[in-house]
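[1] starting from these lines, generate the structure:
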Amino acid sequence: MAKVKKRATVKTSRKLPSPFNIYWEKNNYILLIVGIVVTIVGYYLMSIGPWNSNESLVYSPIILFIAYVIIFPLAIIYRKKKQQNSETVKE
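    Residues are numbered from 1 along each chain as shown. So this is what the prediction gives:
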């Protein structure tokens, strides 16, 4: 009886794409840094002067509100609009 040789199967491993994509662009990081700087400025204004100064009671809360309610969400949500083909715009 003849001997049958078994062939070794070579498995090619495909690298699966990662489900974790980085969706942020340079503009998002810039807005995040601006938000951090504005927050630091707001807390600094809150710390200077006596407790009943205008900087502590008026300007600082407004600046912190702008940082937390406008700049940080804008940094998270902002995306550039995709440009349409110039041919469809000309028609």
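[2] just give me the neighbour total for Tyr59.
    15 (other C-beta atoms under 10 Å). The way it works is simple: take the backbone N, C-alpha and C, and place the C-beta from them, glycine included.
[3] per-residue confidence at the closest residue in space to it that isn't next to it in sequence?
    Excluding the flanking residues, the one nearest Tyr59 by C-beta to C-beta, 6 or more residues apart in numbering is Leu45, at 5.5 Å. For Leu45, the model assigns a pLDDT of 93.
[4] for Leu45, helix, strand, or coil?
    The three-state assignment at Leu45 reads helix, by DSSP: H, G, I helix; E, B strand; the rest coil.
[5] quick check: it touching Asn54?
    No. The pair Leu45 / Asn54 is not scored as a contact, 9.5 Å apart, by C-beta atoms under 8 Å.
[6] and those two? which has more neighbours close in?
    More crowded of Leu45 and Asn54, by other C-beta under 10 Å: Leu45, with 20 against 10.
[7] OK, contacts around the more buried one?
    Leu45 makes contacts with Glu55, Ser56, Tyr59, Ser60, Ile63, as judged by C-beta atoms under 8 Å, 6 or more residues apart in numbering.
[8] for the first one, the count of nearby residues, please.
    Around Glu55 sit 15 other residues, with neighbours defined as other C-beta under 10 Å.
[9] one more: the last one?
    Other residues lying near Ile63 total 20 when counted by other C-beta under 10 Å.
[10] what's the overlap in contacts for Leu45 and Asn54?
    Residues touching both Leu45 and Asn54 (C-beta under 8 Å, 6+ apart): there are none.
[11] circling back to that earlier point, and the residue nearest to Tyr59, how close does it get to Asn28?
    26 Å (C-beta to C-beta, to the nearest Å).
[12] and what of Ser13?
    From Ser13 to Asn28 the distance is 34 Å (C-beta to C-beta).
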